[in-house]
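[1] test case, fold it:
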Amino acid sequence: SIVPSAVPSKIPSSVPLTNWEDLIPFEDFEGDTVQRFNNIRKRIDNTFGYSGSKSILLIKRQSLVSKWEGLKDYNTVRGSFRVHTKLLQGEQGFFVKYRYFREGWKTLAKWTIGDDALQNNDNWHQIEFRIDEIPSGKGKIKIRFQAFMNSIQEINIDDVTLEGSSVTASASSPPALTPKPSSPPTLSPVIPTQTPSTANNNNSGGWNDLILAEGFEEIPYLYFDNTKVISLKNDRGYNNSKHSVLLVKRESITSYWIPIQEYSNLRITFHVYTQGLSGVNGIMLKHKFDSANERWQKIKWVINTTHLEGNEKWIELSHEINCEEKEKIKLRFQVWANNMDKKANIDDISVKGKERI
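    Residues are numbered from 1 along each chain as shown. Predicted coordinates for the structure are as follows:
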């Protein structure tokens, strides 16, 4: 079971503080090197911090990811951090996620502005979280702080700690305050193949990490610009769902930047329902990384070929991409046709990743 807490929780008397051991010792990001977090060079804010002059700055969908920490025989992990927000509103906020070795990311909790733990902008807040009843044999754990905002909002993270204990907490310990529940998707990277392929739905071959999953059933969409989704088709969704995205002529939908710094390869899978496509009409999947001078790369499925066999039925398409040494990726789904009578519905998008060795 997982218990996120909105304020520092009391430690039950049956669990002495000496039974807690450091996984991530106090990290205030003040030193020249940071040992316990990945790829933070571009995330350091050198002008603003809680206990010093530095912190981690997150914008849009950026994340702060820890390195692997050994769990030994711990059955409980608890963490604490300071957070400062700027210009957040509505459902904007951040997630804390975690994963065990060879498993995908799980969402521990989401905090949005106005929650008990995050009552307002422009102030530092302390938040604690706890993961109880960790199954034996898990070996290692990672923690991720994931922003969920638009372009002008900011979140600063500082003074992070993570501790583990093998002592079972007392059942009489006071309950922790919990933020709003949520179960958002996670993201991962990609490898280009010479030809498109149909996808399989298992995790064989090392595709264990689900990075993104979007079915367009609920707003806000985590990795797509809510204002630029062209049209929701309310009477046609994949697998009897209510919604999909309708694209006509040359319309497209484009994702936000997706963090992929932990992955060597990505597999993108989606479902498409076409109407009226003929000749060289088809569906394109484009991607680009955030490297300098990076251009869109594309793959196209042409109607009435092996992988896009006809109109007016849901078809699953899949593509793999190599993303070694890349930090972020954008995806674009586009219909390729020449008039308004030719259209495609896009639904059930997922991105899975293989972890870098």
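[2] okay, strands next: where are they in the stretch 101-250 of the chain?
    Listed in chain order, the strands of the stretch 101-250 of the chain (DSSP state E, counting those that start in this stretch) span residues 106-112, 124-131, 140-148, 154-165, 209-214, 245-248.
[3] for the residue nearest to residue 119 when sequence neighbours are not counted, give its distance to residue 311.
    Nearest-residue entry for residue 119: residue 125, 7.5 Å, with adjacent residues in sequence omitted and distances by Cβ to Cβ, 6 or more residues apart in numbering. Just so you know, the C-beta spots here come from the backbone N, C-alpha and C atoms, and that holds for glycine as well. Shown here: residue 125 relative to residue 311, a distance of 53 Å by Cβ to Cβ, to the nearest Å.
[4] ditto for residue 110
    Plainly put, residue 110 is 39 Å away from residue 311 if you go by Cβ to Cβ.
[5] also residue 39?
    When Cβ to Cβ is the yardstick, residue 39 and residue 311 sit 44 Å from each other.
[6] who has more neighbours, those two?
    Neighbours per residue (other Cβ atoms under 10 Å) separate residue 39 from residue 311, with residue 311 holding more: 18 against 13.
[7] so the more buried one makes contact with residue 281?
    No. Under the criterion of Cβ atoms under 8 Å, residue 311 makes no contact with residue 281, lying 9.5 Å away.
[8] between those two, which contacts overlap?
    274, 303 (Cβ atoms under 8 Å, 6 or more residues apart in numbering).
[9] buried set for stretch 110-127?
    Along stretch 110-127, the positions that meet the burial threshold by neighbour count (16 or more other Cβ atoms under 10 Å) are 110-115, 117-118, 125, 127.
[10] with distance to residue 102 and pLDDT as extra columns, can I get these in CSV?
    Shown next, in CSV, are the buried residues of stretch 110-127 (distance: Cβ to Cβ, whole Å; pLDDT from 0 to 100):
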residue, distance to residue 102, pLDDT
110, 25, 91
111, 28, 93
112, 31, 91
113, 35, 91
114, 37, 90
115, 33, 90
117, 31, 90
118, 33, 92
125, 34, 95
127, 28, 95
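[11] just give me the closest of the residues you listed to residue 330.
    Minimum distance to residue 330 across those is 23.4 Å, recorded for residue 110 (Cβ to Cβ).
[12] tell me what that closest one is bridged to.
    residue 95 (DSSP bridges).
[13] heads up, I number from 554, so please use that
    Got it, the first residue is 554 from now on, which makes the last one we talked about residue 663.
[14] just the buried residues of stretch 663-680 now: which is nearest residue 904?
    Here the nearest of the buried residues of stretch 663-680 to residue 904, counting by Cβ to Cβ, is residue 663; it sits at 19.8 Å.
[15] point out where the stretch 754-903 of the chain drops to low pLDDT.
    754-759, 761, 779-788 (pLDDT under 70).
[16] same thing but 90
    For the stretch 754-903 of the chain, the stretches with pLDDT under 90 are 754-797, 809-817, 843-847, 859, 877-881, 891-893.
[17] and residue 673, how far is that from residue 638?
    Between residue 673 and residue 638 the computed distance is 8 Å (Cβ to Cβ).
[18] which neighbours do the two share?
    When Cβ under 8 Å, 6+ apart defines a contact, the residues bordering residue 673 and residue 638 alike are residue 666.
[19] and the residue lying closest to residue 832 once chain neighbours are set aside, how many residues sit next to it?
    Ranked by Cβ to Cβ, 6+ apart and with sequence neighbours excluded, the top spatial neighbour of residue 832 is residue 856, at 7.6 Å. The number of residues packed near residue 856 is 21, by other Cβ under 10 Å.
[20] separation between residue 602 and residue 657?
    Residue 602 sits 32 Å away from residue 657, going by Cβ to Cβ.
[21] cool, and residue 639?
    If you measure residue 639 against residue 657 using Cβ to Cβ, the figure is 31 Å.
[22] residue 906 now?
    For residue 906, the distance to residue 657 equals 9 Å [Cβ to Cβ].
[23] next one: residue 875
    According to Cβ to Cβ, residue 875 stands 20 Å off from residue 657.
[24] quick check: closest non-adjacent residue to residue 602.
    Nearest residue to residue 602 in three dimensions, chain neighbours excluded: residue 608, at 4.2 Å (Cβ to Cβ, 6+ apart).
[25] who's the one you found bridged to?
    Taking DSSP bridges, one finds residue 598 as the beta-bridge partners of residue 608.
[26] was I right about it contacting residue 636?
    No. Assessed by Cβ under 8 Å, residue 608 is found out of contact with residue 636, at 9.4 Å.
[27] who has more neighbours, the two?
    Summary of the neighbour comparison: residue 608 and residue 636, criterion other Cβ under 10 Å, with residue 608 having more neighbours (28 against 24).
[28] contacting residues around that one?
    Contacts here follow Cβ under 8 Å, 6+ apart; on that basis residue 608 touches 581-582, 597-598, 601-602, 635, 637, 709-711.
[29] quick one, which of those are buried?
    Restricting those to buried positions leaves 581-582, 598, 602, 635, 637, 709-711, with burial counted as 16+ other Cβ under 10 Å.
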